[in-house]
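> Make a model of this:
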Amino acid sequence: MERVFKSPHLSAGVKRHGEETPVFFDLETTGLDIYGCDIVQLSAISGDEIFNVYMLPRCSITQGASKVTGLTTYGRRLFLHRQQVDTVPIKEALISFISFLKTFSRPVLVGHNCRRFDCPILLRILREFDLLDEFMGVVFAFVDTLSLSREMFALPKYSQPFLVQHFLNKSYGAHNATEDVRALQDLYTAWRPSRELLSRHKFIF
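Numbers count the residues shown, from 1 in each chain. The predicted model follows:
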């Protein structure tokens, strides 16, 4: 499990008492079924503060998911592009994630397409481990950058890799949760959405 703490960038994630702090997050999962898939990787970033953890899933990773993410299992071991990675139990990973979020003032979780995908999966598994109330007591709100980008820009498509290429003129290791959250933070910083715009895209469950 990776937790790196450095001085945060003021433009992206800051610990100012009483102010909201954007925390960019992403999941890699065993598949696309939001009602049955498991989390394999959970990453988050705010400024220079990074959280990343891998979990051994309780169900098989679909062939399609493995092709996209490079994550596979063999026995009780998890591999990323054929290299074994350390894992922690799911409940321990979730508790650590909540602890990470508690280090920020009024954290707002920001994800791309998170309203329809990441959030339902994360909240379902938090509920399964009786951690949902604690989690919701920490998180101030959520923002989905998919809907945000659709309101801000007229573009032919809105996938995160396309947005990164369009606005930042670079490519990155998409579908690795850590690389996804780094890229999303960079996008959000470049976009500089207004408070009024953000207020229209905040949601809670």
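> Residue most distant from the centroid, this protein?
Each residue of the chain has a distance to the centre, and by CA atoms, centre = their mean the biggest one is for Gly75: 26.7 Å.
> Counting neighbours, what do you get for Met136?
A count of nearby residues for Met136, using other CB atoms under 10 Å, gives 13. Heads up, the C-betas are built off the backbone N, CA and C, glycines and all.
> what helix or strand is it on?
helix 132-138 (DSSP states H and E).
> Now do that helix, average pLDDT.
In this model, helix 132-138 has a mean pLDDT of 98.
> Which parts of that helix count as buried, going by neighbours?
Residues of helix 132-138 classed as buried by neighbour count (16 or more other CB atoms under 10 Å): Leu132, Phe135, Val138.
> wait, which of these is closest to Phe79?
Ranked by distance to Phe79 (CB to CB), the buried residues of helix 132-138 are led by Phe135 at 28.9 Å.
> my read: the closest one touches Leu126, true?
Yes - Phe135 lies in contact with Leu126 (CB atoms under 8 Å); the separation is 5.1 Å.
> Please enumerate the shared neighbours of the two.
Leu94 (CB atoms under 8 Å, 6 or more residues apart in numbering).
> low pLDDT regions in this protein?
For the chain, applying pLDDT under 70 flags the ranges 1-17.
> Is Val110 in contact with Val139, as I believe?
No - using CB under 8 Å, Val110 is not in contact with Val139, being 11.0 Å away.
> Which one's more surrounded, those two?
Of the pair Val110 and Val139, Val110 is the one with more neighbours under other CB under 10 Å, namely 29 against 17.
> Can you tell me the SS state at that one?
strand (DSSP: H, G, I helix; E, B strand; the rest coil).
> distance of it from Pro193?
As judged by CB to CB, to the nearest Å, Val110 and Pro193 stand 10 Å apart.
> Val181 too?
From Val181 to Pro193 the distance is 17 Å (CB to CB).
> More neighbours: these two, which one.
Val181 (25 against 18).
> Look up phi and psi at Ile90.
Note on Ile90: backbone dihedrals following degrees, to the nearest 10 are phi -60, psi -50.
> how far is stretch 141-151 from where the chain is centred?
13 Å (CA atoms, centre = their mean, to the nearest Å).
> now do stretch 76-83
The answer for stretch 76-83 is 21 Å, by CA atoms, centre = their mean.
> So for it, what gets flagged as buried?
Residues of stretch 76-83 classed as buried by neighbour count (16+ other CB under 10 Å): Leu78, Leu80.
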